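Engineer: predicted model and sequence follow; I will ask about them next.
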Protein chains: 2
Amino acid sequence: MTSRSELERVALELFAERGFDATTVDAIADAAGISRRTFFRYYPSKNDVVWGDFEVQLDAMRAWLAAADDSRTVLAVLSDAVVRFNSLPPEAARAHRQRMSLILHVPALQAHSNLRYAAWRAVVAEYVARRTGAGPEDALPQLVGHVALGAAVASYERWLADESSDLSSLMASSFAELSAGFPTVNDPRQ
Amino acid sequence: MTSRSELERVALELFAERGFDATTVDAIADAAGISRRTFFRYYPSKNDVVWGDFEVQLDAMRAWLAAADDSRTVLAVLSDAVVRFNSLPPEAARAHRQRMSLILHVPALQAHSNLRYAAWRAVVAEYVARRTGAGPEDALPQLVGHVALGAAVASYERWLADESSDLSSLMASSFAELSAGFPTVNDPRQ
DNA sequence: GATAATAATTGCACCCAGTGTCAAAGTCGA
DNA sequence: TCGACTTTGACACTGGGTGCAATTATTATC
């Protein structure tokens, strides 16, 4: 009985072994012992395999934000949320590095990621909307969504570039820079 | 004699008429009176047609930033650059709206845009690196690149949502929000 | 346990984007 | 006019993704 997560495991193994582009859907299906057509019932595209249970994570973050302490700054809460939903047990770090390295470095996945990012931004925008009384499509929530995503992705790239770095710290410092208006680069006396 | 820009004109017309996905490369080639294979000599992909001379614009922005007045704040200069390279004569607005609407709303192009955005971010990062003495791949320049892109894209989305809005003003106010650390949403007393 | 309804799986025939190859036209300088 | 060089085009092929209909489990019901 092939499960969705089993299929993911097999696929990621092949990607690591011979690269994403060089791994055909046929090869994945073969390795998993299912037909090509069935593969596409589990995942709508080859790209989507890499994202695993992203939607579930996102739902969790949405719920966490909905119940977050309103006495703190919007950006502080967002920073915590991003840190929390990107902290992994040390033993999961290697796998997550591999996954994110694909997403951020393989052109086909870099492109596809934008579609997923939209859902992430929507969660942030929804929270900012709740806090400010605006609609989720209004200017400020959307702006914060885009900018927060930028900070998060930049942090991921730093993390991938340095084996010894800690993702949570990088996220936190990116958001700190953000809420302070980029003091190191925005000083009028400079 | 079919030129690159003539091909672009024909393609955008078809996209507007019957939609991006429903327009095959064969149809574009037919309409332009060239062969399918020749289309791919002018543009590496169907997606790329929509971006027109983006690289040229980007080169211009790079040059402008390289020669910018260093006595002003990094974010102020970036804001000006973004405003300047996104202000169009009123008669070009309709076409640009159409083009950007495709890029921001058609899934295939939303995805592809991420690849183009990388080049845009690199230009910003390069400038921040020059101003701060850091390398273009260092944390701060990269972070500012990502965040500035977020602000720019958010502004574009606002602009597309409102026929009567002015792109330059939207860009400027997004960057103002950014350099002030999002005062309307980042107030500890709120 | 046999059977009927339901769901999962698969094979097959497509469509379309993108690429490699090689031959045919066209261009241009000498 | 000849030959070198570039542009174009025809053709075949790869690979992702989809619609459809048949086939094979599953599961519920009697």
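Structural biologist: Perfect, I can see it now.

Engineer: for the helix or strand that contains A:F15, buried residues please.
Structural biologist: Using DSSP states H and E, A:F15 sits in helix A:4-18. For helix A:4-18, the buried set under the neighbour-count rule, 16 or more other C-beta atoms under 10 Å in any protein chain shown, comprises A:7-8, A:10-12, A:14-15. Just so you know, the C-beta spots here come from the backbone N, C-alpha and C atoms, and that holds for glycine as well.

Engineer: could you dump those into a markdown table with distance to A:L149 added?
Structural biologist: Shown next, in a markdown table, are the buried residues of helix A:4-18 (distance: C-beta to C-beta, whole Å):
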| residue | distance to A:L149 |
| --- | --- |
| A:L7 | 28 |
| A:E8 | 24 |
| A:V10 | 30 |
| A:A11 | 26 |
| A:L12 | 24 |
| A:L14 | 29 |
| A:F15 | 24 |
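
Engineer: picking up where we left off before, who's in contact with the helix or strand just after the helix holding A:F15?
Structural biologist: Sequence order places helix A:25-32 as the next helix or strand after helix A:4-18, per DSSP H and E. Helix A:25-32 has contacts (C-beta atoms under 8 Å, 6 or more residues apart in numbering or on different chains) with A:2, A:6-7, A:10-11, A:13-14, A:35-36, A:38-40, A:46, A:49.

Engineer: cutoff 7 Å now
Structural biologist: Helix A:25-32 is contacted by residues A:2, A:6-7, A:10-11, A:14, A:35-36, A:38-39, A:46 when judged by C-beta atoms under 7 Å, 6 or more residues apart in numbering or on different chains.

Engineer: report the angle between it and helix A:4-18.
Structural biologist: 120 degrees (axes from the mean of the first three to the mean of the last three C-alpha atoms, to 10 degrees).

Engineer: so the helix or strand that helix A:25-32 is followed by, near DNA strand D or not?
Structural biologist: Next helix or strand after helix A:25-32 toward the C-terminus (DSSP H and E): helix A:36-42. Yes. Remark: helix A:36-42 sits within contact range of DNA strand D at A:37, A:40, by C-beta under 7 Å from any atom of the strand.

Engineer: residues contacting helix A:36-42, please?
Structural biologist: Contacts of helix A:36-42 (C-beta under 7 Å, 6+ apart): A:4, A:7, A:25-26, A:28-29.

Engineer: could I get the buried residue list for the helix or strand of chain A with the lowest mean pLDDT?
Structural biologist: Counting by mean pLDDT, DSSP states H and E, chain A has its least confident helix or strand at helix A:90-105, which shows a mean of 94. Neighbour counts over helix A:90-105 (16+ other C-beta under 10 Å) mark A:96-97, A:99-100, A:102-103 as buried.
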